[in-house]
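S.K.: A structural model of the following input is requested.
(one chain, ligands or ions: 2)
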Amino acid sequence: MKNKKVRKEFTENMLTPDDSGGHINWFPGHMNKAVKEIKKRLKMVDIVLELRDARSPLVTGNSLVTEAIGEKSRMIIINKSHLADPAILSQWDVWFKKQETPFQFIHDFDQSTLQNIISEAKRIIQNRRLESNPDIDEKKVIRMMILGLPNTGKSTLINKLAKRKATKVADKPGQTRTQLWVKVALGIEILDTPGVMPPKIIKYEHGQWLSALHAIPDNIVTPEIPASYIIETLLKKESSFLKDLYQFKDLKVDTLGAINHIAEIRGCLSAKGQYDYERVYKIILGDFRSGKLGLMSFGVPPVL
Ligand SMILES: Nc1nc2c(ncn2[C@@H]2O[C@H](COP(=O)(O)OP(=O)(O)OP(=O)(O)O)[C@@H](O)[C@H]2O)c(=O)[nH]1
Ligand SMILES: [Mg+2]
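M.R.: Residues are numbered from 1 along each chain as shown. Ligands and ions are numbered 1, 2, ... in the order given. Okay, here's the model as predicted:
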């Protein structure tokens, strides 16, 4: 009964058990169902590939999912690394190397990235099989399960491995609603699963990060929250990307002043000459998520 053991692992949530200021939560019914389905299918798979976002690799983990996985072999795939602050990314690299779980930083899934993922997953599985059963069957089909927060790129990774549109992808958290087995290569099958959020986001700031990263749909938090948070953070950093993209003379302005300026520069004014905030928030979120506002990370590795 190896799988019943709960893996003890550091998560950012454990750092702040008494910070109860969080009001940003998104845990719809299909996620609850997804967790039950994940537990049910777990015994069928040889390894779990857990996807995270490189801009916040700890907060995009999920202790609920980690507990569900138990002692099952696991690899953490930290995606969208091309959008993260490179200096902070190297700090995370050092931090993850001190943890026990194998990990890889990736982005955009080119051929060598895909090969690395498969060969590392096979190596982990082989090692585990050798430990438990030295007479392993080399020809046995390898089954993997892909897990992670919404919008981290799970279905995209499966399609890239399968070299076809086997499962639906969209820039919309909550796209995948049901599990789906996909044959990605001879002898390898991967189970796509719906993205699952932690049932409770303890720190309010983590909710802001997760909504900026689009793990939570904009209409759940209202787009004002992530858009204002992004502008506030960029102003604090005195970001040259912010200054250049929206033609600021200088950044001596508060968050609302900056948003109003962006509305003017981008022509987000209603017929009555008022600021059209819905449009300007959309522009800010689009520019940030496509990397036009520079490479950015939320949070740094905790000191161990
Ligand atoms: N630029 C960039 N975009 C990516 C990358 N990986 C995924 N995406 C985009 O992220 C969005 C979400 O991708 P999906 O594969 O649907 O994400 P998911 O994890 O399956 O999401 P759910 O089904 O909602 O849980 C899509 O718009 C992808 O094109 C990446 O490495 N780089
Ligand atoms: Mg999906």
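
S.K.: residue ranges with poor pLDDT in the stretch 101-250 of the chain?
M.R.: 133-139 (pLDDT under 70).

S.K.: which stretches of it form helices?
M.R.: Under the criterion DSSP state H, counting those that start in this stretch, the stretch 101-250 of the chain carries helices at the ranges 111-132, 154-162, 204-212, 218-221, 224-236, 240-245.

S.K.: Can you list the buried residues in the longest one?
M.R.: Of the residues in helix 111-132, those buried by neighbour count under the rule 16 or more other Cβ atoms under 10 Å are 113-114, 117-118, 120-122, 124-125, 128-129. For every residue, glycine as well, the C-beta is placed using N, CA and C.

S.K.: Is it correct that Ala212 is in contact with Tyr229?
M.R.: Yes: applying Cβ atoms under 8 Å as the test, Ala212 and Tyr229 come out as touching, 5.8 Å apart.

S.K.: Serialize the buried residues of helix 111-132 to TSV and add fields for distance to ligand 1.
M.R.: Output for the buried residues of helix 111-132, formatted as TSV (distance: Cβ to the nearest ligand atom, whole Å):
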residue	distance to ligand 1
Thr113	9
Leu114	12
Ile117	12
Ile118	17
Glu120	17
Ala121	18
Lys122	22
Ile124	21
Ile125	22
Arg128	25
Arg129	28
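
S.K.: Would you mind splitting the chain into its domains for me?
M.R.: Per automatic domain parsing, the structural domains of the chain span 13-192, 222-289.

S.K.: quick one, which of the ones you listed is nearest to Tyr204?
M.R.: When these are compared by Cβ to Cβ, domain 13-192 sits nearest Tyr204, at 4.6 Å.

S.K.: could you check whether that closest one is close to ligand 2?
M.R.: Yes: using Cβ under 5 Å from the ion, domain 13-192 reaches ligand 2 at 154-155, 175-176.
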